[in-house]
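Q: coords below, sequence missing:
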């Protein structure tokens, strides 16, 4: 039985080769059927368009998430260093001193402050961290970083009760600019996560 099937397939293959090969200078009928029709090309283009419409927004969303996650990771590292400083004296030094101490521990970042005030300085990009402990030593430390690629402003805060994460809430569903990445007080205009992790991005972003 196997031999019969094998012989039959061999005969079919031979017939196909003869049909595709020109004989006596004549063009075989199959030659007229080679290539794609206009309809086939249009179907392919439509399918490619659908795939691109699905893939591009997904790619941009993943990129934005990765950028925000990178900023959040930077703040988490700063919080860890700040807690190490706190462990030495059971208090955070004044804002200006805190920034200098953090600069030694985290040289890859630039720390900015509004020394002697109760307001955070402005973070204008991801690796510029605005910090605040207050005009005097205390038990609260806040760090802010602005992600320029996604126009998000992320905030991390550590106290004796633990660490909290949040974002600077815009007044409208428009992009947060670098100049708006500056809460007027230690807690104003900051939306904190209700859990132990980072909250989702502000509505409309």
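A: Cool, got the structure. Bear in mind that the values here come from a model prediction, so they are computed numbers and not experimental data.
Q: average pLDDT across stretch 48-66?
A: What stretch 48-66 shows for mean pLDDT is 71.
Q: same question but for stretch 123-130, I mixed them up
A: Per-region confidence: stretch 123-130 scores 79 on mean pLDDT.
Q: so where is the chain shaky, pLDDT-wise?
A: Applying pLDDT under 70 to the chain flags the ranges 1-35, 56-64, 114-120, 134-137, 169-180, 182-189, 201-205.
Q: residue boundaries of the helices in it?
A: If DSSP state H is used as the criterion, the helices of the chain fall at 2-20, 38-89, 95-105.
Q: wait, residue 154 touches residue 68, no?
A: Yes. Counting by CB atoms under 8 Å, residue 68 is a contact partner of residue 154 at 7.1 Å. Using the backbone N, CA and C atoms, a C-beta is placed for each residue, glycine as well.
Q: okay, those two: which has more neighbours?
A: A direct count of neighbours by other CB atoms under 10 Å for residue 154 and residue 68 places residue 154 higher, at 28 against 21.
Q: any idea how far the more buried one lies from residue 50?
A: As judged by CB to CB, to the nearest Å, residue 154 and residue 50 stand 35 Å apart.
Q: likewise for residue 65?
A: Residue 65 sits 24 Å away from residue 50, going by CB to CB.
Q: quickly list what's touching both of residue 154 and residue 68.
A: residue 147 (CB atoms under 8 Å, 6 or more residues apart in numbering).
Q: separation between residue 141 and residue 94?
A: Residue 141 sits 11 Å away from residue 94, taking CB to CB as the criterion.
Q: which neighbours do these two share?
A: Common neighbours of residue 141 and residue 94 (criterion: CB under 8 Å, 6+ apart): residue 133.
Q: what about these two, which has more around it?
A: More crowded of residue 141 and residue 94, by other CB under 10 Å: residue 141, with 25 against 16.
Q: would you agree that one is in contact with residue 82?
A: Yes. The pair residue 141 and residue 82 qualifies as a contact (CB under 8 Å) at a distance of 4.7 Å.
Q: give me the common contacts of those two.
A: Between them, residue 141 and residue 82 share these contacting residues under CB under 8 Å, 6+ apart: 92, 98, 131, 158.
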